[in-house]
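Peer 1: Just to be clear, the model below is a prediction. Sequence and coordinates:
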Amino acid sequence: MIDIKLIRENKELVKQNIKKKFQEEKLPLVDEIEALDIEYRECKKKGDDLRALKNSKSSEIGALMREGKKDEAEKVKEEVSKYGNELEELGRKEEELEKVIREKMMIIPNIIADSVPIGKDDSENVEIEKFGEPIVPEFEIPYHADIINALNGLDKDASGRTSGNGFYYLMGDIARLHSAMLSYARDFMIDKGFTYCVPPFMIRSDVVTGVMSFAEMENMMYKIEGEDLYLIGTSEHSMIGKFKGQIVKESELPMALTSYSPCFRKEVGAHGIEERGIYRVHQFEKQEMVVLCKPEEAMDWYDKMWSYTVEFFRSLDVPVRTLECCSGDLADLKVKSCDVEAWSPRQQKYFEVGSCSTLGDAQARRLGIRAKGENGNYLVSTLNNTVVASPRGMIAVIENNYNEDGSINIPKALQPYMGGKEKIEIK
């Protein structure tokens with residue numbers, strides 16, 4: 001959510017930003033908010049003036065009573081009583097206007113960084129840099145589900161019976177590889193100076209609306225029936241929510257946290273859920289990075305965070321590239337975002353394995369997260385980034401370490417987490 005001062009002082013900037021995101025249907029909201037804000041401030045001023053007058057008149061009552069002017073005092077009391085009724089009505093109007101303004105402000109997208117490329121959707125995202133040499137072996141690499149099946153590592157028939165489409169059982173060494181990647185990711189980030197956390201896997205609706213837009217919420221989140229609880233789609237949600245309504249000490253910034261969680265997503269949209277594979281599913285596990293920092297430090301942290309994901313995958317012998325998200329592909333709360341994509345030797349193209357975003361003070365404004373500085377309190381900046389999400393990240397490791405005989409080389413970085421095992425072989 002942006003600062004309403006932007007609409008008061010530079011609404012054309014807000015409108016231009018909406019156009020850059022190709023959301024012209026939201027343009028009328030800017031003028032609506034401006035008009036409502038004027039009405040709100042007039043209402044508030046009237047209330048403040050009347051409150052001051054009421055207080056002044058109330059002090060007269062005591063003076064009149066002390067002077068024995070009881071009849072005059074009673075008249076002033078009647079007058080003060082009318083002020084009270086009017087103040088009550090103004091208070092209700094002020095509260096209602098504030099609520100409507102906030103609801104509309106929540107729909108206005110955040111101001112994107114000047115460096116964000118302008119484009120309608122993800123087809124217009126821009127490649128930034130490649131890391132590692134993409135290799136296509138002379139032999140054919142099967143579909144990832146077939147590779148894992150041959151290693152007795154996947155049972156989607158059973159998950160279909162227990163849970164339906166979009167779920168899976170991982171078995172044996174493949175399940176162990178999955179866990180090894182997450183454990184390695186945890187230790188990798190701890191070595192970078194991040195504090196390890198395991199957060200709640202369910203959050204309340206006021207946290208959900210604080211960390212994401214309504215459109216994202218509708219397309220992603222599973223609601224617990226009969227309770228004000230949602231299953232998290234990523235641990236970023238509960239990690240940022242941890243600081244809801246808090247004033248942190250400036251000396252504690254930056255807060256660099258890395259969190260593990262299962263993630264649950266509806267995956268509503270044209271892409272659908274994979275029936276045979278495990279690339280796009282309803283449930284997965286992830287190691288995440290979350291940073292709270294001073295606004296002026298946000299871009300430095302952004303560059304550090306995505307570079308950590310690149311370093312992580314390169315340590316697993318996976319070539320990757322970074323892709324700058326264009327304006328139309330940015331979620332409404334994001335200032336700037338880039339994807340980290342892994343090389344698929346089977347498809348001979350890259351696919352997304354992580355996403356890094358800086359959100360400015362949008363989440364902090366929604367959730368009331370402030371830092372106490374020398375010159376007063378201010379809203380912090382928040383950032384998030386995927387270290388690894390599995391099984392998607394595991395697919396990248398499997399394909400890039402696949403051998404012609406159907407076995408998979410285990411990257412050296414993961415071998416200590418697999419009891420020293422160097423290869424997963426067909427039994």
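Peer 2: Ah, there it is. Numbers count the residues shown, from 1 in each chain.
Peer 1: Work out the gap between the lengthiest helix in the chain and the centre of the chain.
Peer 2: Across the chain, the longest stretch assigned as helix under DSSP state H is helix 27-66. On the basis of CA atoms, centre = their mean, to the nearest Å, helix 27-66 sits 38 Å off its chain's mean C-alpha point.
Peer 1: and the next helix or strand after it, how far from the chain's centre?
Peer 2: Next helix or strand after helix 27-66 toward the C-terminus (DSSP states H and E): helix 70-105. What separates the centre of helix 70-105 from the centre of its chain is 40 Å, taken as CA atoms, centre = their mean.
Peer 1: same thing with stretch 141-152?
Peer 2: Centroid separation between stretch 141-152 and its chain, computed with CA atoms, centre = their mean, is 33 Å.
Peer 1: on that earlier part again, okay, the angle between the longest helix of the chain and helix 70-105?
Peer 2: Helix 27-66 runs at 160 degrees relative to helix 70-105, counting by axes from the mean of the first three to the mean of the last three CA atoms, to 10 degrees.
Peer 1: Can you spell out which helices and strands pack onto helix 27-66?
Peer 2: Using 3 or more CB pairs under 8 Å, 6 or more residues apart in numbering; DSSP states H and E, the elements in contact with helix 27-66 are helix 4-20, helix 70-105. For every residue, glycine as well, the C-beta is placed using N, CA and C.
Peer 1: Least confident of those helices, on average?
Peer 2: Sorting the helices and strands packed on helix 27-66 by mean pLDDT places helix 70-105 lowest, at a mean of 82.
Peer 1: Okay, now the sheet partners of the following helix or strand past that one, with direction.
Peer 2: The C-terminal neighbour of helix 70-105 among helices and strands, as given by DSSP H and E, is strand 126-131. Applying DSSP bridges, strand 126-131 is found paired with strand 320-324 (antiparallel).
Peer 1: Buried residues, the helix or strand bottoming out on mean pLDDT in the chain. List them.
Peer 2: The helix or strand of the chain with the poorest confidence is helix 214-220; it has a mean of 77 (mean pLDDT, DSSP states H and E). Applying a neighbour-count criterion of 16 or more other CB atoms under 10 Å, one finds M217, M220 buried in helix 214-220.
Peer 1: Residues contacting that helix, please?
Peer 2: For helix 214-220, contacts defined as CB atoms under 8 Å, 6 or more residues apart in numbering pick out 106-107, 208-209, 212, 233, 265-269, 331-332.
Peer 1: what about dumping the CA coordinates of it to PDB?
Peer 2: The C-alpha coordinates for helix 214-220 follow below in PDB (Å, rounded to 0.1, in the frame of the first residue of the first chain):
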ATOM      1  CA  PHE A 214      -6.400  -9.500  -2.900                       C
ATOM      2  CA  ALA A 215      -5.900 -11.100  -6.300                       C
ATOM      3  CA  GLU A 216      -2.900 -13.100  -5.100                       C
ATOM      4  CA  MET A 217      -4.800 -14.200  -2.000                       C
ATOM      5  CA  GLU A 218      -7.800 -15.400  -4.100                       C
ATOM      6  CA  ASN A 219      -5.600 -17.400  -6.500                       C
ATOM      7  CA  MET A 220      -3.200 -18.900  -3.900                       C
END
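Peer 1: how far does that helix sit from the chain's center?
Peer 2: 12 Å.
Peer 1: Helix or strand next in line after that helix, which one?
Peer 2: Taking DSSP H and E, what comes next after helix 214-220 is strand 222-223.
Peer 1: average pLDDT across that following strand?
Peer 2: Mean predicted confidence for strand 222-223 is 93.
Peer 1: got the contact list for it?
Peer 2: Strand 222-223 has contacts (CB under 8 Å, 6+ apart) with L229, Y230, L231, F264, R265, K266.
Peer 1: List buried residues within the residues you listed.
Peer 2: Using 16+ other CB under 10 Å as the burial test, the contacts of strand 222-223 include L229, Y230, L231, F264, R265 as buried.
Peer 1: Run through this protein and note the low-pLDDT ranges.
Peer 2: Low-confidence segments of the chain (pLDDT under 70): 55, 57-68, 70-71, 73-74, 76-78, 80, 268-273.
Peer 1: at 80 what do you get?
Peer 2: By pLDDT under 80, the low-scoring segments of the chain are 51-84, 86, 213-219, 267-275.
Peer 1: Which of the buried ones among the contacts of strand 222-223 sits closest to L170?
Peer 2: Nearest to L170, judged by CB to CB, of the buried ones among the contacts of strand 222-223 is F264 at 16.6 Å.
Peer 1: need the contact list for the nearest residue to the closest one once chain neighbours are set aside.
Peer 2: Leaving aside its chain neighbours, F264 sits nearest to L231 (4.0 Å; criterion: CB to CB, 6 or more residues apart in numbering). Contacts for L231 (CB under 8 Å, 6+ apart) come out as F201, M202, M221, Y222, I224, F264.
Peer 1: Kindly recompute the last result at 6 Å.
Peer 2: Taking CB atoms under 6 Å, 6 or more residues apart in numbering, we find L231 in contact with M202, Y222, F264.
Peer 1: Would you report the backbone torsion angles of it?
Peer 2: phi -70, psi 140 (degrees, to the nearest 10).
Peer 1: related to what we said a few turns ago, of all the helices and strands packed on helix 27-66, which lies closest to L379?
Peer 2: In terms of CB to CB, the element of those nearest to L379 is helix 4-20, at 12.4 Å.
Peer 1: buried stuff in the closest one?
Peer 2: So helix 4-20, judged by 16+ other CB under 10 Å, has buried residues I4, I7, V14, K15, N17, I18, K20.
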